[in-house]
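>>> need coordinates for the following:
(one chain, ligands or ions: 2)
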Amino acid sequence: MNVVTIALDSLAATTALGAAIGASLRPGDRVLLSGDLGSGKTTLARSIGVALHAEPELTSPTFILVAEHRGDLPIWHVDAYRLPVGSDALRAGVIDERQMHGVTLIEWPEHLAGLADEGPGILHVHLAVDDRNDARSAVIRGARPDLHAGLSTIVDPSESGRG
Ligand SMILES: Nc1ncnc2c1ncn2[C@@H]1O[C@H](COP(=O)(O)OP(=O)(O)O)[C@@H](O)[C@H]1O
Ligand SMILES: [Mg+2]
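Residues are numbered from 1 along each chain as shown. Ligands and ions are numbered 1, 2, ... in the order given. This next block holds a predicted model:
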């Protein structure tokens, strides 16, 4: 699988990444957003939402597990942080059949069981923050080819390879 790491030096870089991801998404796609607290998952989700003309804007509501938004496609925004690790995604109600008609963005996918992390419509973005210098980056796996084409136009991949 193609793996690309890109530097996110600024909020603008994250916004550009969100725009590229948003433009590449198709009905039924799922975006897994992993990374520590504060690594930028919600920021990226919001940028993807902007690209898809989400209404209302995506936020980080404290007690909401799944938020549904209108847009170019219906958007589901899941934050599984408060679910115990190993929670069944279907039983917890964070994935359902309607999502094949839209896109689902999932923060804290590592808390969920029963969620494929590879497949044709699955994009995994890991957001990393380097403790030493606070440098941020995104490690992207499983993207559609048109996303990889889009990425090369917004940033120079700092590293890429097969993983
Ligand atoms: N690329 C970036 N450059 C600078 N600050 C960023 C970047 N991405 C996110 N941030 C900031 O980091 C903070 C936490 O982001 P957030 O998206 O809420 O993280 P998470 O959802 O992973 O906990 C916010 O203040 C946000 O503005
Ligand atoms: Mg968040």
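>>> show me where this structure has its strands.
Under the criterion DSSP state E, strands of the chain are mapped to 2-7, 30-34, 66-69, 75-79, 87-88, 103-107, 112-113, 122-129, 136-141, 159-162.
>>> which of those strands has the lowest average pLDDT?
For the strands of the chain, the stretch scoring lowest in mean pLDDT is strand 159-162; its value is a mean of 46.
>>> just so I know, which of the strands of the chain lies nearest Thr153?
Shortest distance between Thr153 and the strands of the chain, using CB to CB, is found for strand 2-7: 11.9 Å. Quick note: C-beta positions are derived from backbone N, CA and C, even for glycine.
>>> is it true that Val125 touches Arg30?
No: contact between Val125 and Arg30 fails when scored by CB atoms under 8 Å: they sit 11.3 Å apart.
>>> contacts for stretch 66-76 next, please.
Residues from elsewhere that reach stretch 66-76 (CB atoms under 8 Å, 6 or more residues apart in numbering): 25, 27, 49, 52-56, 58-59, 61, 77-78, 93-94, 98-99, 101-105.
>>> are any of those buried, and if so which?
With neighbours counted using 16 or more other CB atoms under 10 Å, the contacts of stretch 66-76 contain these buried positions: 25, 49, 52, 54, 58, 77-78, 94, 99, 102-105.
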